[in-house]
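J.: Task: produce atomic coordinates for the following.
(4 chains)
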Number of protein chains: 2
Amino acid sequence: MSTNLSTMPDFIYDNRLYYNPMEFALHFIGGTWKMPILWRLNKKMMRYSELKKTLPHITHKMLSSQLRELEGYGLIERKAYPVVPPKVEYTITDKGRDVIPVIETISQYGYTIMKEKGISIEGHKAEKVQVNKNN
Amino acid sequence: MSTNLSTMPDFIYDNRLYYNPMEFALHFIGGTWKMPILWRLNKKMMRYSELKKTLPHITHKMLSSQLRELEGYGLIERKAYPVVPPKVEYTITDKGRDVIPVIETISQYGYTIMKEKGISIEGHKAEKVQVNKNN
DNA sequence: CTGAATCCTTCACGATACTG
DNA sequence: CAGTATCGTGAAGGATTCAG
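T.: As a prediction, this is how the structure comes out:
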């Protein structure tokens, strides 16, 4: 990449000022929930309730709003079946798949510093691990 | 990596609950300023005022507090010279260099979606570019 | 030149209740 | 089952002032 971040001009998109591409990227995929959602949809199409189940801590409101935003950005697709009770399926799009490398890189770094700080995730037993700060 | 994000247990570090490695990583390098600062210090050691100059929009308070946090995480080092007026130099550490791949990946994705949305950065002339939403 | 402290605004996110 | 609306809270970040 030849563009130099140090001399990067600001730019305005949709009435909001950005200082650099990183900030711009994180506007679309940042926050607590967007990447975890994309990660799951990258594995398979999922229904609303299914997503809710695999994101134990997300609230109803957040899941709903985050899905709506991701759909607006063209990162996921929503297919609603006109049945009762309602059935809605979410899938990742090609544009959505572009963020998978970002997720993988950040996750990997996350694992790195977790190891540094002595946080271990033993297999898949979903225990809550308590770790103290000292590093 | 064999660990499955879908079944990842929560963990607590320094009295704060995290749901996954991504969230953990972004606790240390997230926010508006930490990655831009690390990116600059990766190129060369810089003084406080120098950093301030190349980060046109950061406020005095933010630069100060972000430097202190990064130092606390061991991502940068602070060398103060007992002269008057004060002279302080900041350098990136080996731990700090670990986040460079993250910065590069996110930046690259940022450039990708900027292009998608028709935002062009022509060379290094620091003009403010105005772009409307329609994509 | 470098840095700390105070006050204030904005916004992400959670809790809860209501709907077809 | 899927979704919206309202209200409240905390944290991030900006403006400003004081200081060695």
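J.: ok, A:Y81 to B:P56 distance?
T.: Between A:Y81 and B:P56 the computed distance is 51 Å (CB to CB, to the nearest Å). The way it works is simple: take the backbone N, C-alpha and C, and place the C-beta from them, glycine included.
J.: With A:L41 instead?
T.: From A:L41 to B:P56 the distance is 38 Å (CB to CB).
J.: If you count surrounding residues, which of those two has more?
T.: A:L41 (23 against 10; other CB atoms under 10 Å in any protein chain shown).
J.: For the residue sitting nearest the centre point of chain A, give me its contacts.
T.: Residue closest to the mean C-alpha point of chain A, counted by CA atoms, centre = their mean, is A:M35 at 0.8 Å. Contact analysis of A:M35 by CB atoms under 8 Å, 6 or more residues apart in numbering or on different chains lists A:29, A:99, A:102-103, A:106, B:22.
J.: State the helix or strand in which it lies.
T.: Secondary structure from DSSP states H and E places A:M35 in helix A:34-43.
J.: Check which residues of that helix are buried.
T.: Across helix A:34-43, burial judged by 16 or more other CB atoms under 10 Å in any protein chain shown covers A:34-41.
J.: what does stretch A:47-66 give?
T.: Across stretch A:47-66, burial judged by 16+ other CB under 10 Å covers A:48, A:51, A:54-55, A:58, A:63, A:66.
J.: farthest pair in those residues?
T.: A:T54 and A:Q66 (13.9 Å; CB to CB).
J.: Show the pLDDT at A:Q108.
T.: Note for A:Q108: predicted pLDDT of 97.
J.: Which other helices and strands does the helix or strand containing it contact?
T.: Taking DSSP H and E as the definition, one finds A:Q108 inside helix A:100-116. Applying 3 or more CB pairs under 8 Å, 6 or more residues apart in numbering or on different chains; DSSP states H and E, one finds that helix A:100-116 contacts helix A:34-43, helix B:21-29, helix B:100-116.
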